[in-house]
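Undergrad: Sharing a model that was predicted from the sequence below.
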Amino acid sequence: MRDFSILGRMAEDIPDPLPEFFSDLNLDPLIAEMGNGFEPYDLREYYYRLPKEKEDILYRQEVLRGLDPEMEERVTDFYRAVKKSQTYEQYAEDTEDGESSAHWHLLAAHLYYTALDELMAYLETKGQMVDGWDGFYRMCSEQTARGDYKESHDLALALYRKISEIRYTIRIEEDHILILPRVEDDDYVGELCQKYSHIIETPDKLYNILPGSQHSTDLEKRILRYIKKKKPGLFQEMTGFQEKYPKIISDPMLKFHREITFYLSFLKFRHQMERHDYEFCYPKFMDNDFRVEGGYDLALALKNVQDGKKTVANDYYFKEKERFFVVTGPNQGGKTTFGRAAGQLVYFSLLGLPVPAKKAVIPYFQGLMTHFSVEESTESGRGKLKEELVRLSQMLEGRKKHSFVIINELFTSAATYDALQMGREIMRYFLDDDCYGIYVTHIDKLAEENGRIVSMTASIQGQKVRTYKVERNKAEGKGYAESIVEQYGLTYDDIIRRLSNA
């Protein structure tokens, strides 16, 4: 069977260590939220291994575009059916009773074959499909055309029909329970499901006429013995089916089932965020063109959704030879959030996923690099400046041309003049490699424009109110510390009042 991946080509291995941008951009809580509900799969692998080339990114975009609402529903149904089939197989492995094991194995096979039949029938109505879904359809066609698959498929469905025709009656008389042939036409289970629909969440479990697992009750075991006595040939057929076809789901299909969770988990997360009016778009890749409308920090948006708050979005662009934003402005004004939002946008674009923005046109970047200020480590024995330089040297050694770079509050422990000179050298270094980037800093002189550097500032209403909007403006050289001083009760009057009460 041909090798097929719905994710396209990816990096062979997970980077070790992981790039700093995963922690700098707050990606870990996003990845964890997207994988929630898709256990036992660990989806981090697919977020750590980026597609190899631009064409692989576009391949993923087309696969996702092909998942219109109806297609998404059908593929999700198939995913759930396969997952449930795997659960039944686990029951088959766990039970010590051979006939019960054979029964669970048959249920797993019937569920899988039926789900695949339904999905294939639906795909046949779709007509021409994009490469990814066409490749999946051809993979399924190759599998279902095999002689052993057809034989296993037909036998499983036939055996399941025989089981479905079995009926028996349970009669309770004082302290005795009698298991008898079916003598009544009424559907007691059906009546229960209808009468107690608000309680019975999974009616299909009540129709399991061959109960039995490692946790079976005495009654269930007696029912099983009764049916085995009445239908010995059927149990032999089920056991024979399990022995002849021990593996139902092929390795290529298991690979698809694992990989499709990458798309389904993202779509589930996207729908969740869209219900709170957060927009996503497919980025368009264009050389020397960078325009973003309504970009926002997705990790912050997720937190704000949980806290009942709104997230501010920003518009930004580079034109002609512009390559670096130098972002200045007041503390807690949204500078770091702006840098994170842009970094997340580039990261999701490199994954082939929709990005957190209303519109986005960006170049195809060869890589993503970040350097955010961190607390000084007491274990390393180095000062903060040395730690920053060590990390920066690693970043420069691993750099790729035409990457996107985010530098946040670098050299804060150095003298202003030294920080200015080092900051200029760092930007020149990346500019010479045709990188785009963002430099968040408290040093206004770094924002001096020269055709390649653009000054951006976090805006303020009046002297105190942060808007969290970052716009193209000249650096103003103001600290805007008054509001923070007031917030923490550190004004002159506050201090005097404390001293007088001491």
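TA: Thanks, I have the structure now.

Undergrad: Where does pLDDT dip in this structure?
TA: 1-2, 168-221, 374-383, 398-399, 412-414, 462-465, 477-488, 502 (pLDDT under 70).

Undergrad: again, only using 80
TA: Across the chain, the ranges flagged by pLDDT under 80 are 1-2, 165-232, 373-385, 387-388, 390-400, 411-416, 460-466, 476-494, 496, 498-502.

Undergrad: so where does the residue nearest to the spatial centre of the chain fall, helix or strand?
TA: Centroid check for the chain by Cα atoms, centre = their mean gives residue 34 as the closest residue, at 3.6 Å. Residue 34 is located in helix 27-35, with elements delineated by DSSP states H and E.

Undergrad: buried residues in the helix or strand just after that helix?
TA: The helix or strand immediately downstream of helix 27-35 is helix 44-48, counting by DSSP H and E. Neighbour-count burial for helix 44-48, with 16 or more other Cβ atoms under 10 Å as criterion, is recorded at 44, 46, 47, 48. No exception for glycine: its C-beta is placed from N, CA and C like everyone else's.

Undergrad: The first one: what's it in contact with?
TA: Which is residue 44. Shown here is residue 44, whose contacts under the criterion Cβ atoms under 8 Å, 6 or more residues apart in numbering are 31, 35.

Undergrad: ok, now residue 238?
TA: Residues 99, 102, 103, 105, 106, 159 are the ones in contact with residue 238 under the rule Cβ under 8 Å, 6+ apart.

Undergrad: excluding its backbone neighbours, what's nearest the first one?
TA: If you skip the residues right next to it in sequence, residue 99 has residue 235 as its closest partner in space, 5.0 Å away by Cβ to Cβ, 6 or more residues apart in numbering.

Undergrad: Which of the helices or strands spans the one you found?
TA: Under the assignment here (DSSP H and E), residue 235 is part of helix 232-244.

Undergrad: How about exporting the next helix or strand after that helix as PDB, limited to the C-alpha atoms?
TA: Scanning forward in sequence from helix 232-244, with DSSP H and E defining helices and strands, the next element found is helix 251-274. Extracted C-alpha coordinates of helix 251-274, given in PDB (Å, rounded to 0.1, in the frame of the first residue of the first chain):
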ATOM      1  CA  ASP A 251      -1.300   0.700   9.700                       C
ATOM      2  CA  PRO A 252      -1.900   3.400   7.000                       C
ATOM      3  CA  MET A 253      -5.400   3.900   8.400                       C
ATOM      4  CA  LEU A 254      -4.100   4.100  12.000                       C
ATOM      5  CA  LYS A 255      -1.600   6.700  10.800                       C
ATOM      6  CA  PHE A 256      -4.400   8.700   9.100                       C
ATOM      7  CA  HIS A 257      -6.500   8.500  12.300                       C
ATOM      8  CA  ARG A 258      -3.600   9.900  14.400                       C
ATOM      9  CA  GLU A 259      -2.700  12.600  11.800                       C
ATOM     10  CA  ILE A 260      -6.300  13.800  11.200                       C
ATOM     11  CA  THR A 261      -6.500  14.800  14.900                       C
ATOM     12  CA  PHE A 262      -4.100  17.700  14.100                       C
ATOM     13  CA  TYR A 263      -6.800  19.300  11.800                       C
ATOM     14  CA  LEU A 264      -9.800  18.300  13.800                       C
ATOM     15  CA  SER A 265      -8.400  19.500  17.100                       C
ATOM     16  CA  PHE A 266      -7.500  22.900  15.600                       C
ATOM     17  CA  LEU A 267     -10.900  23.200  14.000                       C
ATOM     18  CA  LYS A 268     -12.600  22.500  17.300                       C
ATOM     19  CA  PHE A 269     -10.400  25.100  19.000                       C
ATOM     20  CA  ARG A 270     -11.100  27.600  16.200                       C
ATOM     21  CA  HIS A 271     -14.900  27.200  16.400                       C
ATOM     22  CA  GLN A 272     -14.600  27.700  20.200                       C
ATOM     23  CA  MET A 273     -12.700  31.000  19.700                       C
ATOM     24  CA  GLU A 274     -15.000  32.100  16.800                       C
END
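
Undergrad: Helix 251-274 - contacts with which helices or strands?
TA: Judged by 3 or more Cβ pairs under 8 Å, 6 or more residues apart in numbering; DSSP states H and E, the packing partners of helix 251-274 are helix 27-35, helix 54-66, helix 69-94, helix 131-144, helix 298-307.

Undergrad: ok, back up a step: measure the residue nearest to the centre of the chain to residue 67 for me?
TA: As for residue 34, its distance to residue 67 is 15 Å (criterion: Cβ to Cβ, to the nearest Å).

Undergrad: For stretch 45-52, report the contacting residues that lie outside it.
TA: Residues outside stretch 45-52 that contact it (Cβ under 8 Å, 6+ apart): 7-15, 18, 22, 27, 31, 57, 59-60, 259, 262, 350-352.

Undergrad: from the chain's centre, how far out does it sit?
TA: Between the mean C-alpha location of stretch 45-52 and the chain-wide mean there is a distance of 12 Å, by Cα atoms, centre = their mean, to the nearest Å.

Undergrad: re earlier: and the angle from the helix holding residue 235 to helix 69-94?
TA: Comparing the axes of helix 232-244 and helix 69-94 via axes from the mean of the first three to the mean of the last three Cα atoms, to 10 degrees yields an angle of 100 degrees.

Undergrad: which residues sit against the helix or strand residue 155 falls within?
TA: Residue 155 is part of helix 147-164 when elements are defined by DSSP H and E. Under the criterion Cβ under 8 Å, 6+ apart, residues 103, 106-107, 109-110, 113-114, 143-144, 209-210, 234, 237-238, 241, 244-245, 248 lie in contact with helix 147-164.
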